[in-house]
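>>> Could you work out the structure for the sequence below:
(4 chains)
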There are 4 protein chains.
Amino acid sequence: MNLKRLKEQVLTANLDLPRHGLVTFTWGNVSGIDREQGLVVIKPSGVSYDKMLLEDLVVLDLAGRQVEGALRPSSDTATHLVLYRTYPELGGVVHTHSTHATAWAQAGRAIPVFGTTQADYFNGAVPCSRLLTPSEVGEDYEGLTGHLIVETLQQIPILTMPGVLVANHGPFSWGKDAHEAVHNAVVLEEVARMAWLTHQINPQANNLPDYMLEKHYQRKHGKHAYYGQTKA
Amino acid sequence: MNLKRLKEQVLTANLDLPRHGLVTFTWGNVSGIDREQGLVVIKPSGVSYDKMLLEDLVVLDLAGRQVEGALRPSSDTATHLVLYRTYPELGGVVHTHSTHATAWAQAGRAIPVFGTTQADYFNGAVPCSRLLTPSEVGEDYEGLTGHLIVETLQQIPILTMPGVLVANHGPFSWGKDAHEAVHNAVVLEEVARMAWLTHQINPQANNLPDYMLEKHYQRKHGKHAYYGQTKA
Amino acid sequence: MNLKRLKEQVLTANLDLPRHGLVTFTWGNVSGIDREQGLVVIKPSGVSYDKMLLEDLVVLDLAGRQVEGALRPSSDTATHLVLYRTYPELGGVVHTHSTHATAWAQAGRAIPVFGTTQADYFNGAVPCSRLLTPSEVGEDYEGLTGHLIVETLQQIPILTMPGVLVANHGPFSWGKDAHEAVHNAVVLEEVARMAWLTHQINPQANNLPDYMLEKHYQRKHGKHAYYGQTKA
Amino acid sequence: MNLKRLKEQVLTANLDLPRHGLVTFTWGNVSGIDREQGLVVIKPSGVSYDKMLLEDLVVLDLAGRQVEGALRPSSDTATHLVLYRTYPELGGVVHTHSTHATAWAQAGRAIPVFGTTQADYFNGAVPCSRLLTPSEVGEDYEGLTGHLIVETLQQIPILTMPGVLVANHGPFSWGKDAHEAVHNAVVLEEVARMAWLTHQINPQANNLPDYMLEKHYQRKHGKHAYYGQTKA
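Coordinates of the predicted model:
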């Protein structure tokens, strides 16, 4: 993919955050990667969505060296880069402080898989990380947040669990490109809201049994998927 | 009714889902039936509402054979067909994952009839199904979801209870045509929201007594109804 | 005031209900009265707000005889008329099923006066009625709902308590004209929402003490009021 | 700064309140100060945002003497003036009854610092005041509300805690100018909403540890801040 095309995708994906009600002010950032060139495009830090232009986007290599752009990249850039380096399947990463997902992160709780809505996208509960220690925070805060996400996901195949909660902070999500990463951020916020309501109505609500989780996840993402128009 | 007219109704009814805030992305589907010809028109699977055209709709007979349309029908089509085959009174069926109704479904709880808002449309609590068993899920998942709804409704006259919750999944609703089915889906979401709030304010809130339920249901739907302009 | 002017006011006030998010479909009605002529103008039953025209409004005398209009008046008309006959100060009456106020009504609970927002409009807790008995419901349901409101308000001066909850049903509000009645319906919904949240955050939250209630109510409505531009 | 410029800023900041969903009707007010001339510009009392013009704004000196404007200033003017006289760093002050922040104020509870969203703006929990006593309310209610805020903040540097809750009333916030004060009012409402949800999901949720609070507050506001484009 050429870099201009990637920048357009990343700009659109960033502008989709306020359109879907996921951000207050500038509290969110989307990046995308060109795997062939090894270049990441990311939102600049603290720039309003309604003033953001293509040339404001920042281009970096996977080691974090700034290749293009006059502005400083998102303060969460190091977290994005760790995820791209660890998971070659990822094409886009999003971080927001969307209200309900952040509330679960602040509560320090994984989002239980209460229903098929979540099972259609997440192959289980959305995990919540531990807190970083004082020495981790003092050292390389944003980079170690990336490693914390990797630690939290354990060995789960990354595209079967397209989001995570960083404790007392907020959600990160991802996908095969920037557009899908934002799509998954919208889903994560909505399942977080539904799970909160479910918990309010019935504090003893049961998790979706494994055979239902499997059924829903596979009918949409498995080898024999039959949801949508594009799967084989 | 001619088929073109039915398609227009079904398209409009599908587009009404996002307009009423009932769906995220493509998470919902509406169908309508022409009883004379025995043909069902339904939304295609996984197509965005903002790009949906009349020719994208899929036409099937009641046995599920595709009669018109190049796209694959909604993955929930088999559920719709069971409802049409079981209840000759139905003219339209809707499935959504609307937030509050889905939360009650995830909580595995019927929506109690706390007030006259619900009594104006539903002749009692909105029932919640049991879970399908592993063997049911493995066999004919969507068709058996339809039979599960029929089992859950027991012998209730279908148009006096225009919606149901499928446990850990979400709401289905219906009506004498696709438009009324969507209308009832909006009502179901709103009564689900009010019931959640009621339960939060007073966990011991009483159900509406039977004589009030009867009064409200009958003043709107009974032989001597006097609500609106069109009843006799 | 001439009748045409009153009709315009009542139409505008009815259209303000959806504009302020107080109604789903046709679930609300506003009336206004011309005290000199003894004529009440009210919304027709079951007509959509987006299609309502001036000529659809219904004119009745205080005894409920229809004077103008081809359509049937709101099914709650008898309730409005009892209020107008009982309280000569009233110029407008509103009934809605607004979400949070209805939830308190369904919970069978008065809205406690937790803060100055409520004290600026309501001189105390917003009372909740008892349920009508089976024989009352069987007799003259809507008229007796009006008498139930009067019973619930006891001897409170009507304009110092511009709203009430009818148990398991929903809120009624009023004011010196139709516009003010809708204004108070908006306030009632917002204080209901704030009171629910307050109760969630702290189930032992204290009521505003009487001296604060008095201060706020009087600085806005008392003889020496100094809020706004129009008070002396 | 010239006075016309300040008026334009204060008008824009007032109009931003409804744009951000912070106010119902006229329930909010923003002021700004020109420190050189010692003049405060504030919203008039009880005027609708959609009709407010530049010439409606009221200009006062720090002693509260009206210098310009035909209308009566906001009834909360005396509170704003105490804050400007006490804290020379302040350039703008806002008062609203925004829903979730008001709920915490009504609950009489400080907003705990559950996550980094709050830590990015507030250097700790947002404190909640005591109630004014009967004699304080009887004497100089609005002025003493200002002194109550000062008492509540104790010795906290004012710009590190850009908001407070007045018990059973609602939030006040501030900043180096009127625009920043409104920005902080939006943040306060959002962190109040997130904290309520967090508390619902996990009543034993932990506060953000001090080392994380420090890290987030400093990366945005400290000497070595690296968030955004304008910090050194």
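>>> what about stretch A:103-111, near chain D?
Yes - for stretch A:103-111, a contact with chain D is found by C-beta under 8 Å from any C-beta of the partner chain, at A:103-109. All C-beta spots, glycine's among them, are computed from the backbone N, C-alpha and C.
>>> Rounded mean pLDDT for that stretch, please.
Averaged across stretch A:103-111, the pLDDT comes to 98.
>>> One more: stretch A:208-223?
Mean pLDDT, computed over stretch A:208-223, is 92.
>>> what's it in contact with?
Residues outside stretch A:208-223 that contact it (C-beta atoms under 8 Å, 6 or more residues apart in numbering or on different chains): A:113-116, A:118-124, A:160, A:224-228, B:75, B:131-132, B:134, B:137-138, B:141, B:168.
>>> By proximity to chain D, which residue of chain A wins?
The nearest approach of chain A to chain D comes at residue A:46, 2.9 Å away (C-beta to the nearest C-beta).
>>> ok, back up a step: just the residues of stretch A:103-111 next to chain D: which are in strands?
The strands, defined by DSSP state E, take in nothing from the residues of stretch A:103-111 next to chain D.
>>> and the two most separated of these?
Of all pairs drawn from the residues of stretch A:103-111 next to chain D, the greatest distance, 10.7 Å, lies between A:103 and A:108 (C-beta to C-beta).
>>> who has more neighbours, these two?
Set residue A:103 next to residue A:108 and count neighbours by other C-beta atoms under 10 Å in any protein chain shown: residue A:103 wins out with 28 against 21.
>>> The more buried one - nearest residue in space that isn't next to it in sequence?
In this structure, residue A:103 finds its nearest non-sequential neighbour in residue D:197, 3.5 Å apart by C-beta to C-beta, 6 or more residues apart in numbering or on different chains.
>>> Please write out the alpha-carbon positions of the helix or strand harbouring the one you found in PDB.
Using DSSP states H and E, residue D:197 sits in helix D:178-201. Included here for helix D:178-201 are C-alpha records, laid out as PDB according to Å, rounded to 0.1, in the frame of the first residue of the first chain:
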ATOM      1  CA  ALA D 178     -13.100  31.200  30.200                       C
ATOM      2  CA  HIS D 179     -12.400  28.600  27.400                       C
ATOM      3  CA  GLU D 180     -10.200  26.400  29.600                       C
ATOM      4  CA  ALA D 181     -12.800  26.700  32.500                       C
ATOM      5  CA  VAL D 182     -15.500  25.200  30.200                       C
ATOM      6  CA  HIS D 183     -13.000  22.600  29.000                       C
ATOM      7  CA  ASN D 184     -12.500  21.600  32.600                       C
ATOM      8  CA  ALA D 185     -16.300  21.500  33.200                       C
ATOM      9  CA  VAL D 186     -16.600  19.000  30.400                       C
ATOM     10  CA  VAL D 187     -13.900  16.900  31.900                       C
ATOM     11  CA  LEU D 188     -15.400  17.100  35.300                       C
ATOM     12  CA  GLU D 189     -18.800  15.900  34.000                       C
ATOM     13  CA  GLU D 190     -17.100  13.000  32.100                       C
ATOM     14  CA  VAL D 191     -15.000  11.800  35.100                       C
ATOM     15  CA  ALA D 192     -18.100  12.000  37.300                       C
ATOM     16  CA  ARG D 193     -19.900   9.800  34.900                       C
ATOM     17  CA  MET D 194     -17.000   7.300  34.700                       C
ATOM     18  CA  ALA D 195     -16.600   7.200  38.500                       C
ATOM     19  CA  TRP D 196     -20.300   6.500  39.000                       C
ATOM     20  CA  LEU D 197     -20.100   3.600  36.500                       C
ATOM     21  CA  THR D 198     -16.900   2.300  38.100                       C
ATOM     22  CA  HIS D 199     -18.500   2.400  41.500                       C
ATOM     23  CA  GLN D 200     -21.500   0.400  40.100                       C
ATOM     24  CA  ILE D 201     -19.300  -2.300  38.500                       C
END
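>>> what angle sits between that helix and helix B:178-201?
With axes from the mean of the first three to the mean of the last three C-alpha atoms, to 10 degrees applied, the angle from helix D:178-201 to helix B:178-201 works out at 80 degrees.
>>> how far out from the middle of the chain is helix D:178-201?
11 Å (C-alpha atoms, centre = their mean, to the nearest Å).
>>> any idea of the mean pLDDT for that helix?
98.
>>> Can you point out the buried residues in that helix?
By neighbour count on 16 or more other C-beta atoms under 10 Å in any protein chain shown, the buried set for helix D:178-201 is D:178-201.
>>> tell me which residues of stretch A:130-140 are tucked away?
Buried, per 16+ other C-beta under 10 Å, within stretch A:130-140: A:131-132, A:136-137.
>>> Output the residues you listed as TSV; include the columns secondary structure and distance to residue D:37.
Below are those laid out as TSV (DSSP: H, G, I helix; E, B strand; the rest coil; distance: C-beta to C-beta, whole Å):
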residue	secondary structure	distance to residue D:37
A:131	coil	49
A:132	coil	48
A:136	helix	50
A:137	helix	45
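>>> and residue A:53, what is it in contact with?
Residues in contact with residue A:53, defined by C-beta under 8 Å, 6+ apart, are residue A:11.
>>> Tell me if I am right that residue A:174 is in a strand.
Yes - residue state for residue A:174 (DSSP: H, G, I helix; E, B strand; the rest coil) corresponds to a strand.
>>> Now do it against chain B, distance only.
As for residue A:174, its distance to chain B is 17 Å (criterion: C-beta to the nearest C-beta, to the nearest Å).
>>> What of residue A:129?
Counting by C-beta to the nearest C-beta - residue A:129 and chain B are separated by 24 Å.
>>> repeat for residue A:192
Distance, residue A:192 to chain B, by C-beta to the nearest C-beta: 11 Å.
>>> Show the residue spans covered by the helices in chain A.
A:3-19, A:77-86, A:99-107, A:116-119, A:134-153, A:178-201, A:210-221 (DSSP state H).
>>> for these, which one sits closest to residue D:50?
Residue D:50 sits nearest to helix A:3-19 of all the helices of chain A, at 23.4 Å, using C-beta to C-beta.
>>> For that closest one, name the packing helices and strands.
Applying 3 or more C-beta pairs under 8 Å, 6 or more residues apart in numbering or on different chains; DSSP states H and E, one finds that helix A:3-19 makes contact with strand A:28-34, strand A:39-42, strand A:92-96, helix A:178-201.
>>> which regions of chain A lie under the pLDDT threshold?
Scanning chain A for pLDDT under 70 picks out A:1, A:230-232.
>>> Get me the contact residues on it for chain D.
Applying C-beta under 8 Å from any C-beta, we find that chain A lies next to chain D at A:24-25, A:27, A:44-47, A:71-72, A:75, A:97, A:99-100, A:102-109, A:131-132, A:134, A:137-138, A:141, A:168-170, A:196, A:199-200.
>>> now do the same end-to-end measure for stretch A:198-210.
Using C-alpha to C-alpha, to the nearest Å, the end-to-end distance of stretch A:198-210 comes to 19 Å.
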